[in-house]
Every structure is written in structure tokens, then in C-alpha cells.
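I need the structure of the sequence given here:
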Amino acid sequence: MTGRVRDPGLQPERTRLAWRRTTLTCTVVAVLAGKQALQRGVTPQGVVAAGLSALVWLGFLVVAHRRILALSTARPAPLSLRGAATVAVCTIALAAFAVAAVG
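A predicted model of the protein is given here:
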């Protein structure tokens, strides 16, 4: 690796914007999953599904917020394995809730 200084300009900004767009998408999916789960009336299964969707959304939101803050430094550290795993699990869980709510 050469001793070049990393450009602190546009790349971190694009990455922050990507995290914000992904967080917005995750929010919409969680709201729609909760709405779908409660559409046929308030049932124990629907409440659990909506609660789990909210919990998964909060997990994703925490990781995204930490990543956005980390990207504001001059030399941001790479996303941790734990953070990447959390984001992957949240994404898969929201997809599973969507499939379960439709089915």
C-alpha cells in the first residue's frame, strides 16, 4: 500500500447517503410489515409480528447510525464483522416477516 492520503471528500459522503437511503428503505419495509401484520385486526400473532419488525428495525437503525457517525471521521474504520452480521440478519428477518405477512 502506498503512502497516499485518502480523499476525505465525496466517497464518505456517498457512503453516508447510501446508509441513509437504506435506513429509509428499512423503515418503510418495517412499517409496511407492521401494517400488513395488523391489517386483519389485532391478533396476538399480528402484535408479535409487528413488535418483531420494530425490534429488527431498531437493530438496523443502531448499526446504521453508528456507521454514519464513523464515516464523519477523517479515516473511518471499516464496518465491523458484528455490524455487518447485524445488518444482514435484520435484512433477512424483515424479508421473512414480509413473506410471512403476505402468506
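
what's the burial count for residue 30?
With neighbours defined by other CB atoms under 10 Å, the count for residue 30 comes to 24. For the C-beta atoms, the positions are set from N, CA and C on the backbone; glycine is no exception.

In space, what's closest to it - neighbours in sequence excluded?
The spatial neighbour of residue 30 that comes closest, neighbours along the chain excluded (CB to CB, 6 or more residues apart in numbering), is residue 57 at 3.8 Å.

again, but for residue 98
Across the structure, with CB to CB, 6+ apart as the measure, the residue nearest residue 98 apart from its sequence neighbours is residue 33 (5.4 Å).

isn't that neighbour right next to residue 93, touching?
No: taking CB atoms under 8 Å as the definition, residue 33 is not a contact partner of residue 93, at 9.8 Å.

returning to what we had before: which element follows the strand or helix carrying the residue nearest to residue 30 toward the C-terminus?
Remark: residue 57 resides in helix 44-70, with elements defined by DSSP states H and E. As assigned by DSSP H and E, the chain's next helix or strand after helix 44-70 is helix 81-102.

Sketch out the low-pLDDT regions of the chain for me.
In the prediction, the chain carries residues with pLDDT under 70 at positions 1-9, 101-103.

ok, now with 80
Counting by pLDDT under 80, the chain contains low-confidence residues at 1-12, 33-34, 36-38, 40, 43, 45-46, 49, 73-75, 97-103.

Spatially nearest residue to the residue nearest in space to the middle of the chain (excluding sequence neighbours)?
Against the mean C-alpha coordinate of the chain, by CA atoms, centre = their mean, the closest residue is residue 60 at 3.4 Å. For residue 60, the nearest residue in space outside its immediate sequence neighbours is residue 90; the separation is 4.1 Å by CB to CB, 6+ apart.

how much space is there between the residue nearest to the centre of the chain and residue 71?
Applying CB to CB, to the nearest Å, one obtains 16 Å for the distance of residue 60 from residue 71.

about what we covered before: correct me, but the residue nearest to the centre of the chain touches residue 19?
No: shown here, residue 60 and residue 19 do not form a contact pair, counting by CB under 8 Å, at 10.2 Å.

Right, I'll call it a day here.
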